[in-house]
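Peer 1: coords below, sequence missing:
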């Protein structure tokens, strides 16, 4: 199974919103938690640090085929402002060829297939990198391929140019640029960036990106002290093997990835992107706010809270907006990268439909979410059930090779709070995440919505075009000193 990427989430949400059935959650790629109760927990990992500073975690007894991942901190917030999606693009571009090999006959995909395995690019929002999988008896060869792709890509000019054109044309064919821009506006406002924060490559990026951009950003991302090697289903590599694989690799003095200054949004902001045609009869609304990043201690409580609020039958969101609307209106945490080692994320909630219905749903959700911190809004039984479902989902991931590798990488990068959650923990998370004065509202629709939106906050009018400057002075916030 190919690992889910941030682009998969965006495309899925955009497609469903365009059909006016909405989307605010990742399509379920795993069974629900109750089916996981009988699965054993994962065995302890062997952890070490290589000579270059790369973290290595290994589990020779992991179930399934051999799987290895070389993954690095990086996401949308680490993209250069004028090249949104570059972090994701370097993962794809590295698979076009490696140094000393003919990309036409010895591409990474061809070599992995010849070993009975596969190689994939990964971009989750929190991490970017590559995964290989295949028979355990070919683990050494697959591991060598993994390091070749990550450390010695050739970026063959002709194939890179063809891939750029293909991706740019694919964006045009999808026809969801307006949805992507609305999501980007909501994410940028939610984390206090003040400009749109795109979840993946845009048409503008593919029009501007060069080989020099690609190689420079790759060098900034693929740093040993920002990376982790996950090695599952085969004996851990020896120090001598790692030294050979990492030859000539060290922390580069080159240009680092982007680390923009953020602020803590204070005061609700409202944004309208006026569109012609069918959007005059329909509205797409997004509610966004800052959330704990993957690897922070607060993330466990936030994830459990999201489990409590998901779109399951009979859940609180379904009871609030009805079964047909629940899927799009369930909050989802989206990871966006890191700044100086601290993970950054936002939470989004969606609504769509005729303007009156969409605004009513948005108001209903807004009032409900802002009241979750109140006493008895979440009971101990709710917290226990949410934690059980969260643990079940984690166990399922640990028994699916690609998901297991990603889970292990997440754990290696962050502080993991594995204890059970209480109702107080979930209410505390809600108070931070769903505070009205830190939220942003973004609507796509007709200018008639401006008056309705102005009842909630001062309204900024945004252009539909990707490369236009954002309205001035629309992030009211308290600058954060030091790490964001």
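Peer 2: Now that the structure is in, tell me what you want to look at. Note that this is a predicted model, so its numbers are computed, not measured.
Peer 1: How about the secondary structure of the residue nearest to residue 188 when sequence neighbours are not counted?
Peer 2: Nearest non-adjacent residue to residue 188, counting by C-beta to C-beta, 6 or more residues apart in numbering: residue 197, 4.0 Å away. C-beta: built from backbone N, CA, C; applies to glycine. Secondary structure for residue 197, judged by DSSP: H, G, I helix; E, B strand; the rest coil, is coil.
Peer 1: show me what contacts residue 197?
Peer 2: 76-77, 84, 184, 187-188, 191, 336 (C-beta atoms under 8 Å, 6 or more residues apart in numbering).
Peer 1: Among those, name the ones in strands.
Peer 2: Members of the contacts of residue 197 lying in strands (criterion: DSSP state E): residue 336.
Peer 1: Among the contacts of residue 197, which ones are in helices?
Peer 2: Those of the contacts of residue 197 mapping onto helices are 184, 187-188, per DSSP state H.
Peer 1: Can you add pLDDT, neighbour count and distance to residue 260 and give these back as a markdown table?
Peer 2: What follows is these, written out as a markdown table (pLDDT from 0 to 100; neighbours: other C-beta atoms under 10 Å; distance: C-beta to C-beta, whole Å):
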| residue | pLDDT | neighbour count | distance to residue 260 |
| --- | --- | --- | --- |
| 184 | 94 | 23 | 14 |
| 187 | 94 | 27 | 13 |
| 188 | 92 | 26 | 10 |
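Peer 1: Put together TSV for these, with distance to residue 123 on each row.
Peer 2: What follows is the ones in helices among the contacts of residue 197, written out as TSV (distance: C-beta to C-beta, whole Å):
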residue	distance to residue 123
184	16
187	15
188	18
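Peer 1: which one of the residues you listed is nearest residue 431?
Peer 2: Distance ranking of the ones in helices among the contacts of residue 197 against residue 431, using C-beta to C-beta, places residue 187 first at 21.3 Å.
Peer 1: I figured that closest one hits residue 289, correct?
Peer 2: No - applying C-beta atoms under 8 Å as the test, residue 187 and residue 289 come out as separate, 10.2 Å apart.
Peer 1: which residues do these two both contact?
Peer 2: Contacts common to residue 187 and residue 289, judged by C-beta under 8 Å, 6+ apart, are residue 346.
Peer 1: where exactly do the helices run in the stretch 251-400 of the chain?
Peer 2: 299-308, 316-321, 323-329, 355-370, 380-398 (DSSP state H, counting those that start in this stretch).
Peer 1: Highest mean neighbour count out of the ones you listed?
Peer 2: helix 299-308 (a mean of 24; mean count of other C-beta atoms under 10 Å).
Peer 1: who's in contact with it?
Peer 2: So helix 299-308 is contacted by 291-293, 315-316, 330-333, 343, 345, 347, 372, 378, 382-383, 385-387, 389-390, 393, 414, 416-419, 421, 425-426, 428-430, 433 (C-beta under 8 Å, 6+ apart).
Peer 1: Can you list which of these are found in strands?
Peer 2: Reading strands off these with DSSP E, I get 291-292, 332-333, 343, 345, 347.
Peer 1: Any regions of the stretch 351-484 of the chain where pLDDT drops low?
Peer 2: 397-399, 415-418, 472-484 (pLDDT under 70).
Peer 1: closest to residue 271 among the contacts of residue 197?
Peer 2: Distances from residue 271 to these, taken by C-beta to C-beta, are shortest for residue 188, at 9.8 Å.
Peer 1: list the contacts for the closest one?
Peer 2: 194-197, 470.
Peer 1: ranking those by neighbours, who comes first?
Peer 2: residue 197 (27 neighbours; other C-beta atoms under 10 Å).
Peer 1: Now do the strands in this structure.
Peer 2: Counting by DSSP E, the strands of the chain are 46-49, 55-59, 66-73, 118-123, 127-134, 227-232, 263-265, 269-274, 283-292, 332-339, 342-353, 440-445, 459-462, 477-479.
Peer 1: Pipe the ones you listed into CSV and attach distance to residue 218 and mean neighbour count per row.
Peer 2: What follows is those, written out as CSV (distance: least, C-beta to C-beta, whole Å; neighbours: other C-beta atoms under 10 Å):
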stretch, distance to residue 218, mean neighbour count
strand 46-49, 23, 13
strand 55-59, 20, 20
strand 66-73, 10, 27
strand 118-123, 12, 22
strand 127-134, 10, 25
strand 227-232, 13, 27
strand 263-265, 30, 18
strand 269-274, 33, 23
strand 283-292, 28, 26
strand 332-339, 15, 25
strand 342-353, 21, 26
strand 440-445, 32, 27
strand 459-462, 32, 18
strand 477-479, 31, 13
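Peer 1: is it possible to export those to JSON lines including distance to residue 152?
Peer 2: Below are these laid out as JSON lines (distance: least, C-beta to C-beta, whole Å):
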{"stretch": "strand 46-49", "distance to residue 152": "22"}
{"stretch": "strand 55-59", "distance to residue 152": "19"}
{"stretch": "strand 66-73", "distance to residue 152": "12"}
{"stretch": "strand 118-123", "distance to residue 152": "14"}
{"stretch": "strand 127-134", "distance to residue 152": "12"}
{"stretch": "strand 227-232", "distance to residue 152": "15"}
{"stretch": "strand 263-265", "distance to residue 152": "39"}
{"stretch": "strand 269-274", "distance to residue 152": "43"}
{"stretch": "strand 283-292", "distance to residue 152": "36"}
{"stretch": "strand 332-339", "distance to residue 152": "24"}
{"stretch": "strand 342-353", "distance to residue 152": "28"}
{"stretch": "strand 440-445", "distance to residue 152": "42"}
{"stretch": "strand 459-462", "distance to residue 152": "42"}
{"stretch": "strand 477-479", "distance to residue 152": "41"}
